[in-house]
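Colleague: Sequence first, predicted model second:
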Amino acid sequence: MKCKKCRTEIPEDAQFCYHCGWEVPQEPPPKKSLPLKAIAIGAAALFALIAVWRIAA
Ligand SMILES: [Zn+2]
């Protein structure tokens with residue numbers, strides 16, 4: 001890839017440009033679809049627990 005600052009060709013996995021020191025923006029880690037599902041299940045379980053608790057109380 002090319003440095004966006006000085007356009008020097010730098011390796012794809014370079015952390016920064018060795019010519020001008022431009023820091024290569026790191027791609028954010030891929031998002032996992034699991035957390036949203038886990039939160040939904042957790043919320044459902046919590047609501048169920050509260051419902052049971054309220055009936056019992
Ligand atoms: Zn550069």
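Modeller: Received the coordinates, thanks.

Colleague: show me where pLDDT drops low in the protein?
Modeller: Applying pLDDT under 70 to the chain flags no residue at all.

Colleague: Residues of it that sit close to the ion?
Modeller: Listed as neighbours of the ion in the chain under the rule Cβ under 5 Å from the ion: 3, 5-6, 8, 17, 19-20, 22. Yep, even glycine has a C-beta here, placed from its N, CA and C like the rest.

Colleague: Just give the number of residues close to residue 49.
Modeller: Neighbour count of residue 49, defined by other Cβ atoms under 10 Å: 10.

Colleague: if I look at it, how far off is residue 5?
Modeller: Using Cβ to Cβ, to the nearest Å, residue 49 is found at 55 Å from residue 5.

Colleague: still on that earlier bit, quick one, which of the residues of the chain next to the ion are buried?
Modeller: Buried members of the residues of the chain next to the ion, scored by 16 or more other Cβ atoms under 10 Å, are 3, 17, 22.

Colleague: Can you lay out the residues of the chain next to the ion as CSV showing secondary structure?
Modeller: Below are those laid out as CSV (DSSP: H, G, I helix; E, B strand; the rest coil):
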residue, secondary structure
3, coil
5, coil
6, coil
8, coil
17, coil
19, coil
20, coil
22, coil
